[in-house]
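>>> Below: sequence and its predicted model.
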Amino acid sequence: MRRKARGVGLLRNPLLNKGTAFTEKERNALGLRGLLPPHVHTLEEQSRRVLEHLRRLPDDLEKYVNLNALHDRNETLFFRVVTDHLDEILPLIYTPTVGLACQQFGRIFQRPRGLFISANDRGRVAAVLRNWPKRDIGIIVVTDGERILGLGDLGANGMGIPVGKLSLYTGCAGVPPERCLPVLLDCGTDNEALRNDPFYIGVRRARLRGKAYDEFVDEFVTAAQKVFPGALIQFEDFANANAFRLLNKYRDRVCTFNDDIQGTAAVALAGLYSALRIKGGRLAEQRLLCLGAGEAATGICDLVMTAMQEEGLQRDAARARCWLFDSQGLVVKSRAGLAHHKLPYAHEHAPLGDFAAAVEALKPDAIIGVAAVGGTFTQQVLQAMARLKERPIVFALSNPTSKSECTAEQAYRWTAGRAIFACGSPFDPVTLEGRTFVPRQGNNSYIFPGVGLGTIVSGTRRVTDEMFLAAARALGRQVSQADLDQGSIYPPLAKIRQVSQQIAAAVAGVAFERRLTRKRKPADLLRYVGKQMYDPRYRRFA
């Protein structure tokens, strides 16, 4: 490829393009003389120019579009900016901006990225996958667009999610971008407004359901294993019923996980470990009340229950400490028609339809919001938590920002500064009575990039719950005392590559210990992981 790419063709190849950073020798050798302005810039100078322009744009959606355009013309520069300025860039390429971008996807669409596989491609999915120019794929992030963040069915517009996730795999964990593949399974959409939108990019039909849907997904999974053997398949933003069913169907057959279920759980568990370093006590002594009873809530409860058992609690006793509250109220055993994934956490209790009443009755140590219903951690709820517990744990994890259960300001103010708080969307520091609290996001970007990197470097055949438990503990260990002193229960994003390296080593360590890989364990696993991490630097052509 290096020998063939020359002149304008080279400048239009985002994998090879260096823009004004091509040296004098390269310009002479590659037919670039006159096609570029004469001054040669360094990668660092280009990065500063990108940031200066980005900061002048009027809103976050414009910045998202601008960064996508940069990705389309110069991949190395894009990832240099992402890697060096993750605090600033992550909210633009992922939550919360990616939600708005998905809603407007047809209107801001410029150039396809990833593979769109529609229901019309049934019977030839493998052929579609072979259209992808790379074969050494390590990670596939796939969605069917039915449950995008807290926004619902966005159909083919949901492609923004796997594209954003894979950008974070590279930016946060150094997974080489050429080993990443975003996939959108376009099964149609039940969002009538989208189907009638002249700018909608997807199949304009009601969603595929039942046997036809299962056969389509199964054809994709089977074909992906054949075309990209050994690749990790990450399921993302599927509706609850499909998410649990597909995870249970494939988790013991292929290398796969669902980030909404397992990644969210590991982030929440890591946050609980950090919170306990502030308030004291053991995990097995805590009672959790989740606002929400879908993928995230049950995933959290499953992993927390496993962690409690490792501390010596019996399975039933651990389960009894985890409660769910959904749109119909407290999930209790007497309620008829409960979905299968809710049944393990349906306990004996009188029905309660009000979340504040559930807090008063159960006296939880932690409330965890994952229902994507904004403002549900009310003043009444938070003041009750502060009255019942000296250091209440409050995780408002829903995103985008409009779906957050409460703001950081509300969490601290309504608990007199005693809440141990984490959020799903970014909030500014809060100053209260002379003390400044720095809330940090309980964002899955702390977990899934490291897990993915760990699967690649180990070559594991499966991704297990034990790996997510190891990932949660590794993340918790990266939180310093200085972080805890300012109310931060996650490390700064500036450390995310070091964090991901530690998580990858922990995940790979489980793979080697459980003999889930044919590879031999390196003598220094952490150093080995670091050597596999991509660092965005220009290659030399002359």
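Thanks, I have the structure now. Keep in mind that what you see is a predicted model, and the values were worked out from it rather than measured.
>>> Surely P449 and G164 touch.
No - applying Cβ atoms under 8 Å, one finds P449 not in contact with G164, separated by 11.9 Å. Bear in mind the C-beta positions are built from the backbone N, C-alpha and C, glycine included.
>>> Can you pull the poorly scored residue ranges out of this structure?
The model of the chain has pLDDT under 70 over residues 1-3.
>>> Recalculate using a threshold of 50.
1-2 (pLDDT under 50).
>>> Grab the most central residue of it for me.
N444 (4.1 Å; Cα atoms, centre = their mean).
>>> Leaving out chain neighbours, which residue sits closest to that residue?
Nearest non-adjacent residue to N444, counting by Cβ to Cβ, 6 or more residues apart in numbering: G263, 4.3 Å away.
>>> what number of residues lie near the one you found?
Residues contacting G263 under the criterion other Cβ atoms under 10 Å number 27.
>>> which strands and helices sit next to the helix or strand where M308 lies?
According to DSSP states H and E, M308 maps onto helix 295-310. Packing contacts for helix 295-310, counted by 3 or more Cβ pairs under 8 Å, 6 or more residues apart in numbering; DSSP states H and E, involve helix 240-250, helix 264-279, strand 288-291, helix 315-319, strand 322-326, helix 465-477.
>>> Report the backbone C-alpha coordinates of that helix in PDB.
The C-alpha trace of helix 295-310 is given here as PDB (Å, rounded to 0.1, in the frame of the first residue of the first chain):
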ATOM      1  CA  GLU A 295     -29.900  -4.500  31.500                       C
ATOM      2  CA  ALA A 296     -27.800  -2.200  33.600                       C
ATOM      3  CA  ALA A 297     -29.600  -2.800  36.900                       C
ATOM      4  CA  THR A 298     -29.700  -6.500  36.800                       C
ATOM      5  CA  GLY A 299     -26.100  -6.600  35.500                       C
ATOM      6  CA  ILE A 300     -25.100  -4.600  38.500                       C
ATOM      7  CA  CYS A 301     -26.900  -6.800  40.900                       C
ATOM      8  CA  ASP A 302     -25.500  -9.900  39.400                       C
ATOM      9  CA  LEU A 303     -21.900  -8.800  39.700                       C
ATOM     10  CA  VAL A 304     -22.400  -7.200  43.100                       C
ATOM     11  CA  MET A 305     -24.000 -10.500  44.300                       C
ATOM     12  CA  THR A 306     -21.000 -12.400  43.000                       C
ATOM     13  CA  ALA A 307     -18.600 -10.100  44.800                       C
ATOM     14  CA  MET A 308     -20.600 -10.400  48.000                       C
ATOM     15  CA  GLN A 309     -20.300 -14.100  47.800                       C
ATOM     16  CA  GLU A 310     -16.600 -13.900  47.500                       C
END
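>>> Just give me the neighbour total for the closest residue to V332 other than its chain neighbours.
Computed as Cβ to Cβ, 6+ apart, the closest residue to V332 that is not its neighbour in sequence is H349, at 4.8 Å. Using other Cβ under 10 Å, H349 has 15 other residues around it.
>>> I'd assumed L330 was in contact with H349.
Yes - here H349 reaches L330: they are 6.3 Å apart, a contact under Cβ under 8 Å.
>>> And the strands in this protein, which stretches?
Shown for the chain, the strands assigned by DSSP state E span residues 115-118, 139-143, 180-186, 232-235, 256-258, 288-291, 322-326, 329-330, 366-369, 393-396, 420-423, 430-432, 435-437.
>>> Would you mark the buried spots in stretch 305-324?
For stretch 305-324, the neighbour count (16 or more other Cβ atoms under 10 Å) marks M305, T306, A307, M308, L313, A318, R319, R321, C322, W323, L324 as buried.
>>> would TSV of those residues with distance to V40 be doable?
Putting the buried residues of stretch 305-324 into TSV (distance: Cβ to Cβ, whole Å) gives the following:
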residue	distance to V40
M305	58
T306	55
A307	54
M308	59
L313	63
A318	62
R319	63
R321	62
C322	59
W323	62
L324	59
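>>> out of the helices and strands packed on helix 295-310, which comes closest to P536?
For P536, the closest of the helices and strands packed on helix 295-310 is helix 465-477, at 23.9 Å, according to Cβ to Cβ.
>>> Now do that closest one against helix 295-310, angle only.
Orientation check (axes from the mean of the first three to the mean of the last three Cα atoms, to 10 degrees): helix 465-477 against helix 295-310 gives 90 degrees.
>>> From the contact counts, what lies against helix 465-477?
When contacts are defined as 3+ Cβ pairs under 8 Å, 6+ apart, helix 465-477 packs onto helix 264-279, helix 295-310, helix 448-458, helix 496-513.
>>> What is the burial count for F105?
Other residues close to F105 by other Cβ under 10 Å number 24.
>>> Near the closest residue to it other than its chain neighbours, how many residues? Count them for me, please.
Spatial nearest neighbour of F105, chain neighbours left out: N157 (3.7 Å); criterion: Cβ to Cβ, 6+ apart. Residues near N157, counting by other Cβ under 10 Å, number 28.
>>> Same drill for P449 and G164, tell me which one is more crowded.
Ranked by neighbour count (other Cβ under 10 Å), P449 and G164 place P449 first, with 28 against 25.
>>> what's the distance between the residue nearest to that one when sequence neighbours are not counted and L70?
Nearest non-adjacent residue to P449, counting by Cβ to Cβ, 6+ apart: A173, 3.4 Å away. Separation of A173 from L70 (Cβ to Cβ, to the nearest Å): 20 Å.
>>> Neighbour count: the two, which is higher?
Taking other Cβ under 10 Å, A173 and L70 do not tie; A173 has more neighbours (28 against 20).
>>> The more buried one touches A504, doesn't it?
Yes - counting by Cβ under 8 Å, A173 does reach A504; the two are 6.7 Å apart.
>>> related to what we said a few turns ago, contact partners for the residue nearest to the centre of the chain?
Applying Cβ atoms under 8 Å, 6 or more residues apart in numbering to N444 gives the contacts D259, G263, T264, V267.
>>> Might one say that the first one is in contact with Q234?
Read it as D259. Yes - taking Cβ under 8 Å as the definition, D259 is a contact partner of Q234 at 5.8 Å.
>>> hey, what's in contact with both of these two?
Common neighbours of D259 and Q234 (Cβ under 8 Å, 6+ apart) are K165, F448.
>>> how near is the nearest residue to G329 once chain neighbours are set aside to Q328?
Leaving aside its sequence neighbours, G329 sits nearest to G353 (Cβ to Cβ, 6+ apart; 4.0 Å). Here the criterion is Cβ to Cβ. By it, G353 lies 7 Å from Q328.
>>> Could you do L232 as well?
L232 sits 36 Å away from Q328, taking Cβ to Cβ as the criterion.
>>> Quick check on those two: which one has the bigger neighbour count.
L232 (25 against 13).
>>> Compute the first-to-last residue distance for stretch 427-441.
With Cα to Cα, to the nearest Å applied, stretch 427-441 spans 8 Å between its terminal residues.
>>> Check stretch 15-35 too.
OK, stretch 15-35 end separation, Cα to Cα: 18 Å.
>>> List the contacts of that stretch.
The contact list for stretch 15-35, computed with Cβ under 8 Å, 6+ apart, reads 1-2, 5-8, 10-11, 36-37, 39-43, 46, 73-77, 178, 538-542.
>>> For it, buried residues please.
L16, N17, K18, G19, A21, F22, E26, R27, L30, L32.
>>> and if you look at stretch 513-532?
L516, T517, P522, L525, Y528, V529, G530.
>>> Show me these that map onto helices.
L525, Y528, V529, G530 (DSSP state H).
>>> Which residue is the nearest non-sequential neighbour of the last one?
If you skip the residues right next to it in sequence, G530 has Q501 as its closest partner in space, 5.5 Å away by Cβ to Cβ, 6+ apart.
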